[in-house]
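Asker: compute the structure for the input listed below.
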Amino acid sequence: MTDLASAEELARAVDIRFPNESPAYRAARTALLAEEIALRRQIERVAAHRRALPPGGLVPDTYRFVNENGAEVGLDDMFGPHDTLITYHWMFGPQRTRPCPMCTGFLGGLAAATRDLTQKVAAAVIGGSPIERQIAFKLERGWGEMPLFQTIGDDFFHDYGGLTPDGSEFPALNVFERSAEGVRHFYAGEMTGETADPGQDPRGAPDLMLLWTLLDLTRRGRDPDWYPSLSYSR
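Answerer: Modelled structure (predicted):
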């Protein structure tokens, strides 16, 4: 493996300056740039580790869903021409009058990426509410081509993290793989509130929600007392 230049060396070589910045700002920014370069390398190391996971468990073929055309389908049908499927359980069960605002915020970014994402893998957003309710909200938000599915029964959510043991909904992201031997589970987000550091919201790493990633670029960062809403007063 080729030896890499240190993050500090790469940061010092960057020749970017902005109007009226102070030497103190530039020194601090260069130090931060070294940290960002190191973080990028760590993200790639984690991604490589993830890609090297051994095969996960075979997925039971008993799970059933309803697609946007009202047809009953299995998980295998969600793959289309692809061998990989990313699913997200959004918190919009039949007991809710409106879906979870946090899930909605995440899905806005996913909807914008769906056309590009599905050139490489399949994607499916799965909810517990009747498919008609999900479609109505999708149209309200302008989510375009993002595919929605309704679960038939709760077994899939119980088995793959969408429902807690007490029956509460939980957002769950899962990746599945398909081969000649069937469908296997590959990966799930497993960073829960119990894995968070003190004062930190539970979230994955890297954070998949564009909203929080952008706010992390600001001086105020994430406001621990603020969460996205389904509507805002003007």
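
Asker: tell me the strands beside the host helix or strand of Ile86, with direction?
Answerer: For Ile86, the element it lies in under DSSP states H and E is strand 84-89. Under the criterion DSSP bridges, strand 84-89 sits next to strand 122-127 (parallel), strand 172-179 (antiparallel) in its sheet.

Asker: need the winner for burial among those strands.
Answerer: For the strands paired with strand 84-89, the stretch with the most neighbours on average is strand 122-127, a mean of 23; neighbours defined as mean count of other CB atoms under 10 Å. In this view, the C-beta of every residue, glycine as well, is placed from N, C-alpha and C.

Asker: what's it in contact with?
Answerer: When contacts are taken as CB atoms under 8 Å, 6 or more residues apart in numbering, the neighbours of strand 122-127 outside the stretch itself are 65, 78-80, 82, 84-90, 92-93, 99, 107, 110, 114, 117, 134, 146-151, 156-157, 162.

Asker: ok, stretch 162-171 next?
Answerer: Contacts made with stretch 162-171 from outside it, assessed by CB under 8 Å, 6+ apart, are listed as 88-91, 93, 100, 102-103, 106, 126, 128, 154, 156-157, 161, 172.

Asker: is there a quick PyMOL command that grabs whichever of those are buried?
Answerer: In PyMOL syntax, the buried subset of the contacts of stretch 162-171 is picked out as below (16 or more other CB atoms under 10 Å):
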select buried, resi 88+89+90+91+93+100+102+103+106+126+128+156+157+161+172
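
Asker: tell me the one of the contacts of stretch 162-171 nearest Gln200?
Answerer: Ranking the contacts of stretch 162-171 by separation from Gln200, with CB to CB as the measure, puts Met102 on top at 15.3 Å.

Asker: before we move on, which element is the residue nearest the centre of the chain in?
Answerer: The C-alpha lying nearest the average C-alpha coordinate of the chain belongs to Leu208 (CA atoms, centre = their mean; 4.3 Å). With the criterion set as DSSP H and E, no secondary-structure element contains Leu208; it sits in neither a helix nor a strand.

Asker: show me where the chain has its helices.
Answerer: Along the chain, the stretches classed as helices by DSSP state H are 7-13, 23-51, 101-117, 131-141, 155-159, 210-215.

Asker: Val183 is nearest to which of those?
Answerer: Evaluated over the helices of the chain, closeness to Val183 peaks at helix 155-159, with 12.0 Å, by CB to CB.

Asker: kindly provide the whole-number mean pLDDT of that closest one.
Answerer: Predicted confidence along helix 155-159 averages 95 (mean pLDDT).

Asker: stretch 95-113 now?
Answerer: Average pLDDT, stretch 95-113: 94.

Asker: what residues of it count as buried?
Answerer: Residues 99-100, 102-108, 110-111 are the ones in stretch 95-113 that count as buried (16+ other CB under 10 Å).

Asker: domain ranges for the protein, per the record?
Answerer: Domain assignment of the chain by automatic domain parsing yields the ranges 10-52, 64-188.

Asker: report the distance from the shortest one to the chain centre.
Answerer: When distances are taken as CA atoms, centre = their mean, to the nearest Å, domain 10-52 is centred 24 Å away from the chain's centroid.

Asker: same question, the last one
Answerer: The offset between the C-alpha centroid of domain 64-188 and the centroid of the whole chain comes to 12 Å, using CA atoms, centre = their mean.

Asker: quick one, which of the helices of the chain is nearest to Glu190?
Answerer: helix 23-51 (11.6 Å).

Asker: many thanks, we can stop here.
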